[in-house]
Structure formats: C-alpha cells, structure tokens
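Undergrad: Have a look; sequence and predicted model below, questions after that.
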Amino acid sequence: MNTAAWCIGVILLIFYFRLILSYRKGIDSLVARSPSLSSEHPDLTVVVPFRNEKDSWRAFVSSAEEQDYPGSVEYLFINDHSEDGGEVVLRELLERSQLKYQILDLPVGIHGKKFGLHLGFKKASTPWVICTDADTTTGPYWLFTMSKYLRVDKSVVAGPVQLSPSLRPHQRYMALEFTSLMASVAGSIASGRALMAGGGNLAVRRAFFLSSWSSRADLNFASGDDLFLIHQAKSKPESIDFVWDGRAMVSTPPPKTYSEWWTQRRRWASKSAYYKDKDAQSVSWIVFLYNLFLVVVLIWGLREGHVPGAWWWAFIAKFLIDYPMLKSYADLQGQKLSLGDALATAVLYPFAIVGTAIHSQLGDVEWKGRKTKA
C-alpha cells in the first residue's frame, strides 16, 4: 500500500497546491493593492436577524454606539421568534441610545435567518445594506472602512471576521481553524473564484439581493445565507470584493464547547451536497480527499506500528503550503501566529474535516432549537 499511498498523495497534492497557490496569490494582491476607494460615505442600513440572543445585546449596542461614521445609519433588528425575552432587553438598551433603529418581527409561519434578512432588505431604504449577527462586536471604524469599498461596480463586499481571542486550548484551535477558513474566503474572492463569505460582515447592494431572491434554491436551509448569495453574484466575479483592512474586522465569540463547534461545522458541511457552483464543488472534493488521504494513511500506518513516510511527506507539504496564507490573515487580525498552535491545528484539522463532512450527510442538523436539512 505504501507505493499506492505515495502515488495518490502526489496526485492530490498537485491539485491542492494549485488551489492554495491561487488563494495565496489572491491574498497577495489584496495586501499590495492601492484601490481607488470611494470618497463618499453613503447612508447605510445594518440588518441584524436574531433568535435567542439575550446575552449578546449589551456588547452589540455598545459597539454600534461607538461607530465613527459621518453618514446616516439605521439598524434593523429582525426577531426570528425569540423565546428568551431578548427583544425586551434589546429595546431597553436601544431606547437609552442615540441609534436610529427599528425592531421587526418575522410573521408567524416564517422563520430562519434568510427570511429575516429578506425582511430587512425589503424594509431598508438605502442602496447598500450591511449584514451582521447579534453576537458580534466591532471597532469604531468598521462602517467607515467598509463604506470605502462600496463602489458602483460592486454587488457584494465581504469584510473580515474573526473569532474572539481566548486562552482556552480548544477555543484557540477553533479560532485558528476559523482563521484558515477566512483566509480561504479572502483568497478565493481575490482570485475571481469566490466560494463564500462571512455572514457576520457582509455588504450587499439592496437591488441585487432583492432581484436574486426569487431564483434562490437554498431557502429551505437554515444556513448558507452568505454562501449561496455569493454563488449568485459570481455571474460577474468582478462585482465581488473583499475588504483587507483590520479596521473593518468583526469579532464573534467561539463556540463554548467542542459539541457546539461540531454541530456548527456539521451544519456548514451539510450544504455541500446542494452546491451547484462548479468552483465550490471542485474545492469541496479537493479539500475533502486530501484530508481523507491524511486520515486513512495515518490510521493504516498506526495499525501497522509506524507512521508512513507518505503521511509525513503529505502532512509537511500541506503545512508549508497553508502556513503563509494562515499567517497573512493572522497579521490582518493583529495577532501573532503561534507555530505550536498552527502545528496542532494542522494535525487535528483532517479529522475534523472528514468527520464533519461524513456526519453532515447522516440526517438532519439542529440550529437554534430547530431541526433542518442544512
């Protein structure tokens, strides 16, 4: 099997190397560019769908009040049938703030983040809408920085997202794994082959969102509001942009437990069976097969009493390919990338990818107390 493992590993590495190299080149272009940024500060609407986010509102409203933005901003909070009384807490905080806002409820029988976003876009009165989540926090120049990229030739502008720093080992792994994911998001957009975006920091032209709504085939999935929207915008890849600027960073807390993290990743992975975008399909298979190779060869080798050379070669090659891209996004976050954490993540990552990918196809997943396909 060792010879077969070497042959399979080389083939998979070629495909993986080409993929990640294109992302790294994309990130390099983002870092080096001097774009002709907009000098205007358009009026903005920030849409925040929420369900059971009672404990998030104090930090969110505090961040919103600190925004240093010269234009007008209205916040639309869309209540997705919350059951924790959080909407009462939100209203009390907003009434004591200077924010312009509305709190809207999804009608009975209609639920889910995508329909919350749709209601928000219908109610918005500005050309550009910023989508974010209730559990996020930002710096004071978030909206100011995002607005610089809202040019007339763009339909979707993705902003950077990070998991809030944590000293707990399992949450450091989650944060680094998420850093890898967001680096791929940025690289894929910059390379003209956008895969997804971070739904917690996404600017969308209102006219594009509403015009594409009726043709979306993902509305019965709980998640994927950012991913499938990006796929629709890819008819004009140049209309999608990524804001490579730390001042636009949005932070969101990491999952509290491995179980919560696994459920989240399983939900994300479950959408892959419904991809129609060819780039998304090919990338999913390349990443899955390479990581499956690492898992199978390692398990086989350990059963034989040794770690095969093919595994070491494939693992080290993957780490060397991934590391520069990972470091670039860590630099954007203003964080020092620990080599030890990066190596530990690289060892665990294949098992997480393969496990969640397989598990995601075995029945419904749960989100916000609801059973759903994805």
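TA: That came in fine, so what should we check first? Treat the numbers as computed from the prediction; the structure is a model and nothing was measured.

Undergrad: Setting aside sequence neighbours, what's the nearest residue to the residue positioned nearest the centre of the chain?
TA: Using C-alpha atoms, centre = their mean, the residue of the chain that lies closest to the mean C-alpha position is residue 198, 2.9 Å off. Spatial nearest neighbour of residue 198, excluding adjacent residues (C-beta to C-beta, 6 or more residues apart in numbering): residue 161 at 3.5 Å. Where C-beta positions appear, they are placed from N, C-alpha and C, glycine not excepted.

Undergrad: Mind listing the residues bridging to the one you found?
TA: residue 250 (DSSP bridges).

Undergrad: In terms of pLDDT, where does it sit?
TA: We note a pLDDT of 96 for residue 161 in this prediction.

Undergrad: count of neighbours near it?
TA: Counted with other C-beta atoms under 10 Å, residues neighbouring residue 161 total 25.

Undergrad: list the contacts for it?
TA: By C-beta atoms under 8 Å, 6 or more residues apart in numbering, residue 161 lies in contact with 136, 178, 182, 198, 200-201, 249-252.

Undergrad: Next, format the residues you listed as a markdown table and append distance to residue 263 and pLDDT.
TA: Compiled in a markdown table, these are given as follows (distance: C-beta to C-beta, whole Å; pLDDT from 0 to 100):
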| residue | distance to residue 263 | pLDDT |
| --- | --- | --- |
| 136 | 20 | 96 |
| 178 | 15 | 92 |
| 182 | 20 | 95 |
| 198 | 19 | 87 |
| 200 | 18 | 93 |
| 201 | 22 | 96 |
| 249 | 25 | 97 |
| 250 | 22 | 97 |
| 251 | 21 | 96 |
| 252 | 16 | 94 |
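
Undergrad: For those residues, pick the one with the most neighbours.
TA: Each of these was scored by neighbour count (other C-beta under 10 Å); the top score is that of residue 201, with 28 neighbours.

Undergrad: Tell me who's in contact with that one.
TA: Contacts here follow C-beta under 8 Å, 6+ apart; on that basis residue 201 touches 130-132, 136, 146, 158-161, 248-250.

Undergrad: Okay, it and residue 195: tell me how far apart.
TA: Between residue 201 and residue 195 the distance is 16 Å, computed by C-beta to C-beta, to the nearest Å.

Undergrad: and if you look at residue 283?
TA: The span separating residue 283 from residue 195 equals 6 Å under the rule C-beta to C-beta.

Undergrad: still on that earlier bit, among the contacts of residue 161, which are located in helices?
TA: 178, 182 (DSSP state H).

Undergrad: Out of the contacts of residue 161, which is nearest to residue 320?
TA: Closest approach to residue 320 among these (C-beta to C-beta): residue 182, at 20.1 Å.

Undergrad: ok, of the contacts of residue 201, which one's closest to residue 89?
TA: Of the contacts of residue 201, the one sitting nearest to residue 89 (C-beta to C-beta) turns out to be residue 136, at 16.6 Å.

Undergrad: need the longest helix for the chain.
TA: Using DSSP H to define each element, the chain has its longest helix at helix 2-32.

Undergrad: mean confidence for that helix?
TA: In this model, helix 2-32 has an average pLDDT of 89.

Undergrad: other SSEs contacting the helix or strand that that helix is followed by?
TA: Sequence order places strand 44-50 as the next helix or strand after helix 2-32, per DSSP states H and E. The helices and strands touching strand 44-50, judged by 3 or more C-beta pairs under 8 Å, 6 or more residues apart in numbering; DSSP states H and E, are strand 73-79, helix 113-123, strand 128-131, helix 142-147.

Undergrad: mind listing the strands for the stretch 151-300 of the chain?
TA: Using DSSP state E, counting those that start in this stretch, the strands of the stretch 151-300 of the chain run over 156-158, 161-163, 202-205, 240-242, 250-252.
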